Structures are given as structure tokens and as C-alpha cells.
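Student: One predicted model, sequence on top.
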Amino acid sequence: MELIITKDYKEMSQQAAVLVNAHVIVNPKLVLGLATGNTPIGMYKELIRMNKKGMIDFTNVVTFNLDEYLGLGPKDKESYHYFMFQNLFSGINIKRRNINLLNGLTKDPNGECERYEEAIRKADGIDLQILGIGHNGHIGFNEPSDVFPTATHVVALSEDTRQINSKFFKDKRKMPTGALSVGIGTIMKAKEIILLANTKQKAEAITMAIEGPVRPQVPASVLQLHSKATMILTSQAAEGLGRIFKKSKKFSLLAHKTV
Ligand code: PGA
């Protein structure tokens, strides 16, 4: 796994956007897996800026989002559909038909998961998957459990996640109990993965994911088995990585290590 340690959120976001840009230059038809949450917002802002300056062209880029709340649709401000249009899609020259999102309003959640898997298969899989990480080590909505879920599936959200994410809901009672999420197997089939983390509250999950054993109780630990995974972290999110960085007295502004 590659680790890139940045000094702050801005640098993390720029570094991530630069890598996405490089991928799109190399492959203009990139199939890009996207994440929601606070973490990637800075990267999305930077991608919008680059797009407006003509530095990156999304005309032929295809996207697949990782997850969606069950029961929320495009008009719900807390849905990931709404989030993506607010924070990225409405600011770049992507084609609507190239945007893939899970339908949280589906009457047939299992059928919706199958449809999504099939769409990813038809696109020849994800080329580059962007991930955030939960305080509990979740990636997408793959919550800690006793097994790694493989394909896109219906999820019962953990109490932890519901509590943390309810801050995005004006009316906390609207916080869903379920979601649809791309599975760990589908994520791991991506040709390349970039995980972003920037807060101190993520430090423990990051340390366990990198230094601990691979186990489904820490879903992000599975990335240790991926041949091309990069974590772009702020020094705050990386502060628990004692073993890896114990030789350096303090972080350089931009440390780069292979672990
Ligand atoms: P956050 O969420 O970016 O809002 O911290 C990340 C996640 O829960 O995967």
C-alpha cells in the first residue's frame, strides 16, 4: 500500500485531485468510483476548478457512486444523489448518462443491487475507486461485521454510523436505518483505489486498517490485500501510525511511504 501524508486538508484534496486528473489524462474513458461525506468535498471542489480551467475533461468519464440511503431520493437534501449533484456533477462537464447512482427509492432493494452490479460489469469494472473511511473503519457502507460482503448489497446501518451521520439530517428522525452499498468484493476488483482521511477522529481506524490484521471487523483493513491502493492522509489522520513513522521525529510536509 502507498501512503501519502499531507500537511492539511487542502493539500490532501489537491493531491487526490491531481491523481484523478492524471488518470483521466491517461484514460479519458475512466470508470471512476466515487464517495460521499465531508472528506472528498475538497477534492471535488478542486476537480471543478480544474475542469473550469480546461485541465480535466469529464466528457467520457463514467462514474459509479458507492452507496445510497434506503428511502431517500434525488430530491432529499440528505441523499447521496443530491450530494453528488451539489458537490460535483453540476460543476463539471460530465454527461448525465455516464453517471451511475443507486436508487434509494427502489421497491426492490435486492433487484436494485443486482442491476448496479450488472452495470459495473458492463462498464468492465471500476478503474479508480475513491474511498473515505468511517470512524469504525467502514468503507462505503460496508460496516464492521464477521464477513466481508462481496457484491452490492442491502445494509443495516450500525448505531455508530447512524449517530455520526445524523448530524447531516435537520430532522434526526429522518436518519435512515438502511442503505445500499457496493460490496467489498466489488471495491477490491477496482484496478486502483485511493482512500482519503483527514481528521484526528479517523486516526484509530487508519492505524487498525494499515497496521492491524486483515479482518472484517475493520473493513478498510482489506485494502492491505489490494495491489494498487493508496491512502492520502493528513498528518492528523496518520498520527497513530507509530510503527511506520517511528524513525522520523516528525512528519515531513509530504511523506511518501510504501508499506
Ligand atoms: P466523512 O464520512 O467523509 O463524512 O467523514 C466518511 C465515511 O463515513 O465513509
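Tutor: Ah, there it is. Numbering: from 1, shown residues only.
Student: Return the distance of the closest residue to Asn103 other than its chain neighbours relative to the ligand.
Tutor: Of all residues not flanking Asn103 in the chain, Glu112 sits nearest, at 5.4 Å (Cβ to Cβ, 6 or more residues apart in numbering). Any C-beta I mention is one placed from the backbone N, CA and C, and that applies to glycine too. Plainly put, Glu112 is 20 Å away from the ligand if you go by Cβ to the nearest ligand atom, to the nearest Å.
Student: quick one: contacts for Glu112?
Tutor: Neighbouring residues of Glu112 by Cβ atoms under 8 Å, 6 or more residues apart in numbering: 102-103, 106, 180.
Student: repeat that with 10 Å
Tutor: 68, 70, 102-106, 152, 154, 180 (Cβ atoms under 10 Å, 6 or more residues apart in numbering).
Student: Inside helices: which ones of those?
Tutor: Judged by DSSP state H, helices contain none of the contacts of Glu112.
Student: Now that we have these, which of them are buried?
Tutor: Among these, the ones that count as buried by 16 or more other Cβ atoms under 10 Å are 68, 70, 102-106, 152, 180.
Student: Pick out the most distant pair among those residues.
Tutor: Using Cβ to Cβ, the pair of those lying farthest apart is Leu105 and Thr152, separated by 16.2 Å.
Student: Between all of the contacts of Glu112, which two are at the greatest distance?
Tutor: Farthest apart among the contacts of Glu112 - using Cβ to Cβ - are Leu105 and Thr152, which lie 16.2 Å from each other.
Student: ok, and for the host helix or strand of Val18, which residues are buried?
Tutor: Per DSSP states H and E: Val18 is located in helix 9-26. For helix 9-26, a neighbour-count test (16+ other Cβ under 10 Å) marks 9, 11-21, 23-24 as buried.
Student: Mind checking the pLDDT average for it?
Tutor: The pLDDT scores in helix 9-26 average 98.
Student: who does it touch, helix- and strand-wise?
Tutor: Applying 3 or more Cβ pairs under 10 Å, 6 or more residues apart in numbering; DSSP states H and E, we find helix 9-26 packed against strand 2-6, strand 31-34, helix 41-52, strand 128-131, strand 192-197, strand 229-234.
Student: And it, how far out from the chain middle?
Tutor: 14 Å (Cα atoms, centre = their mean, to the nearest Å).
Student: Say whether the ligand is contacted by it.
Tutor: No - Helix 9-26 stays clear of the ligand (Cβ under 6 Å from any ligand atom), getting no nearer than 11.0 Å.
Student: Contacts only, for Gln201.
Tutor: By Cβ under 10 Å, 6+ apart, the contact list for Gln201 reads 134-135, 164, 236-237.
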